[in-house]
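S.K.: Pasting the sequence and the predicted model now:
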2 protein chains.
Amino acid sequence: MKIDFDGIQAFVVIAELGGFSKAAEYLHVTQTALTRRVQKLEAYLGLRLLDRTTRYVELTAVGREFLPQAKAIVNEMTMAVGRLKDMSRNSRGSFTIACVPTMASHALPAVIKRYAEIYPGNRIRLIDTSAFEVRDAVLHGQAEIGVGVPTDRHPELVEVPMLEEPLMFFCREEHPLSKMKSVTWSDMREAELIVVSSMTATRVFMDYQLAKRGISLSGAYEVQHHATAIGLVAAGVGTAILPASTLGEGARPGMCRIALTGPVVKRKICLIHRKNNTLSPAAEAFFKLLLQQKNVADAS
Amino acid sequence: MKIDFDGIQAFVVIAELGGFSKAAEYLHVTQTALTRRVQKLEAYLGLRLLDRTTRYVELTAVGREFLPQAKAIVNEMTMAVGRLKDMSRNSRGSFTIACVPTMASHALPAVIKRYAEIYPGNRIRLIDTSAFEVRDAVLHGQAEIGVGVPTDRHPELVEVPMLEEPLMFFCREEHPLSKMKSVTWSDMREAELIVVSSMTATRVFMDYQLAKRGISLSGAYEVQHHATAIGLVAAGVGTAILPASTLGEGARPGMCRIALTGPVVKRKICLIHRKNNTLSPAAEAFFKLLLQQKNVADAS
DNA sequence: GATTTAATTGCAGTTCACGCATAAGATAAA
DNA sequence: TTTATCTTATGCGTGAACTGCAATTAAATC
């Protein structure tokens, strides 16, 4: 009833190398063992695969017919197992990560670059989408790792804090507040304010934090993407409230980024993965790199 | 280093049936054994294939990727081994037999018919050719079984006597000798005699036997095939010396078959196979049927 | 919190596979 | 024919691996 892979492998190697002894050397076992394996296999099958005198080994008619199949099976098996071991040893493989757009364009690129240097050849599928869909993608197994914001607890998901960044005030140098070290929410003039859509997790979180302190802020402009908001500010349309990482220091000429206090509202970014699902070695390695990123952020 | 087929099979069945217990039942082992097999496989590979709580079993990302391959391998293996066992148990399979034309058209058809009844579906490739080429076909492995005449001993070949039949004299009813119970070689009139080509083994053997008794007979007509000779006799062209089996008793109207003595020259037919080559089960079964034919001939 | 279901682990028995040493068979050379 | 040599087969003892039972642990449901 049980299938004897060793026997078939022995048969293939003996047939290809033309002898028990050579095959034994190749397989790093004694010739005795191969004799036994072949005998066992033949006994199990009820027919001879190899006609052997003490001098020569030759395929039987059945053996000749079976050899190509056996060879294919042994090869596939060896290959498949080899690939798996390679994945395990060298964190090789492909995986999918879901990520909110901000991180996809700011924190991720550096990590992906490092990852590509350490593990060349590994393909990463990146789904950049809203925080809600990031959560769903991980939950439904479309992505192994999610980079998003904390959400309502789900028993299947694990959220690991990665970094947090304050919302900041963005304006042009000409703006009256541009020379301030920090500004407060009450300094905002709604008539010129650009905020991101209330559909985004960032905005929901922000509104919630402000509401706790009796502050309400809707803004005159509402856009979907941070990049759009930055563009509008740069063009002199107005001022904006955005996560700090939206713009690195002095990344754009004529643009100022000022701390926003009273209160400081911090957007939390976390890594998400399914609770009971082991990450593939490739994803695992990436996950660790992401966590290192966290430490970098903590240190600064 | 050693590849664990059991483990992979366990993985596949568990993944397909969705649980260790169900898989255990399917494989006729305890669920404990499967736990161990999977653990061993995963330890060997260095990664998890199945994420399992005590309640549910689920594929990991790697497991999902590997499952199709594993399934294919396990299926192929099971199929291939199954086919071999079937070949062995039910003498199933195809094989090639080489046969001299006389036998191919006289003794063989009945055997093939019986064989087809007992082992339906088995394909037989039949090479009908000269005795020399029958021998070569077997020697070079193109045919597993040969039906031919004894030749010079070859260390690689085994010849098993099957049947022998006398050469007989064939003529039309109008012929002066047609009413004789038997005729002798000296009764032959060369001017009207049709014999088969001196290239055939039968002819070589006949000449040798006659030469021992100082008889030489070349005939006026020489043809390649027995069927041709019979045709010529039937058309009244002449008389012929042919193996008895060329024509069953009274098989053709107006044709007589008369014993030829002084001496009686018998053509021996034997089965040939390679000495150290095990026959495939299908061929083995056919070989046995052929030998029964021998007994039939001996009895008559 | 109790119950049920399903995988895991401790333990012990047994089988199975392996390797050493030796035998036996076959070919080639003397 | 005998001998040398090469290659597979076998006897036997050892050790590892696999298995199964029974108890355990963990998750999900009531």
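M.R.: Looks like it came in fine. Treat the numbers as computed from the prediction; the structure is a model and nothing was measured.
S.K.: Tell me the pLDDT of A:His140.
M.R.: A:His140 carries a pLDDT value of 89.
S.K.: ok, now how distant is it from DNA strand D?
M.R.: 17 Å (CB to the nearest atom of the strand, to the nearest Å). (Each C-beta comes from the backbone N, C-alpha and C, glycine too.)
S.K.: A:Leu247 now?
M.R.: 44 Å.
S.K.: Next up, the contacts around that residue.
M.R.: Residues in contact with A:Leu247, defined by CB atoms under 8 Å, 6 or more residues apart in numbering or on different chains, are A:170, A:230, A:255, A:257.
S.K.: Can you tell me the SS state at the second one?
M.R.: A:Ile230 carries the three-state label helix when classified by DSSP: H, G, I helix; E, B strand; the rest coil.
S.K.: hang on, it packs against A:Leu242?
M.R.: Yes - with contacts defined as CB atoms under 8 Å, A:Ile230 counts as touching A:Leu242 at a distance of 7.1 Å.
S.K.: Now for those two: what residues contact both?
M.R.: By CB under 8 Å, 6+ apart, A:Ile230 and A:Leu242 have these common neighbours: A:Phe170.
S.K.: hang on, the earlier thing: quick check, nearest of the contacts of A:Leu247 to B:Gly214?
M.R.: Relative to B:Gly214, the closest of the contacts of A:Leu247 is A:Ile230; by CB to CB it sits at 119.8 Å.
S.K.: wait, what's in contact with the closest one?
M.R.: Applying CB under 8 Å, 6+ apart, the residues contacting A:Ile230 are A:170, A:240, A:242, A:246-247, A:252, A:255.
S.K.: A:Ala234 too?
M.R.: Listed by CB under 8 Å, 6+ apart, the contact set of A:Ala234 reads A:172, A:252, A:254-255.
S.K.: and with 10 Å instead?
M.R.: A:170, A:172, A:240, A:247, A:252-255 (CB atoms under 10 Å, 6 or more residues apart in numbering or on different chains).
S.K.: likewise A:Ile272?
M.R.: The neighbours of A:Ile272, taking CB under 10 Å, 6+ apart as the test, are A:98, A:131, A:134-135, A:137-139, A:143-151, A:154, A:157-160, A:162.
S.K.: still on that earlier bit, top of the contacts of A:Leu247 by neighbour count?
M.R.: A:Phe170 (28 neighbours; other CB atoms under 10 Å in any protein chain shown).
S.K.: from memory that one sits against A:Ser245, does it?
M.R.: No - in this structure, A:Phe170 is not within contact of A:Ser245 by CB atoms under 10 Å, at 11.9 Å.
S.K.: so the closest residue to A:Val264 other than its chain neighbours is in which element?
M.R.: Closest residue to A:Val264 apart from its sequence neighbours, by CB to CB, 6 or more residues apart in numbering or on different chains: A:Pro166 at 5.3 Å. Assigned by DSSP states H and E, A:Pro166 belongs to strand A:157-172.
S.K.: So for that strand, what gets flagged as buried?
M.R.: For strand A:157-172, the neighbour count (16 or more other CB atoms under 10 Å in any protein chain shown) marks A:157-159, A:162-165, A:167-172 as buried.
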